[in-house]
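[1] sequence unknown, structure follows:
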């Protein structure tokens, strides 16, 4: 009967140490750091009116061609527009290349970029390019 453990044996068998029984904590797979950074880019094209009559005519035609779009910008197809309103409507509807054929000229391009999170002040970058004037 020597294969059974004698419970009255005064020398107890060594107990396993707790560290050897409990496995080391496994590291979780790394997750991307979430900083909740919000970035914003604003492209500003500054144009001047070279031909006021052409700008007014194109804006009036744009309001006639797409009255729903013009209405979104506060203009009806039969509304009389000031030169500033006409230029603003054309700028809202067309890209810079099209505007140059409608009597407007690009004079400066500015790009403003900002990025921030909730813990820090925003970081801002500004790049301005002045477009050369043609002869």
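    Great, that's in hand. Bear in mind that the values here come from a model prediction, so they are computed numbers and not experimental data.

[2] mind listing the strands for the chain?
    Taking DSSP state E, the strands of the chain run over residues 38-49, 104-116, 123-130.

[3] give the buried residues for the second one.
    Of the residues in strand 104-116, those scored as buried under the neighbour-count criterion (16 or more other C-beta atoms under 10 Å) are 104-106, 116. C-beta coordinates here come from the backbone N, C-alpha and C atoms, glycine included.

[4] who does that strand pair up with?
    Partners of strand 104-116 in the sheet, by DSSP bridges, are strand 38-49 (antiparallel), strand 123-130 (antiparallel).

[5] pLDDT wise, what is residue 85 at?
    Note on residue 85: pLDDT of 93.

[6] how far away is it from residue 38?
    From residue 85 across to residue 38, the span is 33 Å (C-beta to C-beta, to the nearest Å).

[7] would you point out which residue is most central in the protein?
    The residue lying closest to the centre of the chain (C-alpha atoms, centre = their mean) is residue 40, at 4.3 Å.

[8] not counting sequence-adjacent ones, nearest residue to that residue?
    Nearest non-adjacent residue to residue 40, counting by C-beta to C-beta, 6 or more residues apart in numbering: residue 114, 5.3 Å away.

[9] with residue 37 instead?
    residue 117 is the one closest to residue 37 (C-beta to C-beta, 6+ apart), at 4.8 Å.

[10] my guess is that neighbour meets residue 36, correct?
    Yes: using C-beta atoms under 8 Å, residue 117 is in contact with residue 36, at 5.4 Å.

[11] before we move on, back to that, could you verify my assumption that the residue nearest to residue 40 touches residue 126?
    No: using C-beta under 8 Å, residue 114 makes no contact with residue 126, being 9.3 Å away.

[12] what about residue 85 and residue 38, which has more around it?
    Taking other C-beta atoms under 10 Å, residue 85 and residue 38 do not tie; residue 85 has more neighbours (16 against 11).

[13] which residues sit in contact with residue 85?
    By C-beta atoms under 8 Å, 6 or more residues apart in numbering, residue 85 lies in contact with 59, 75.
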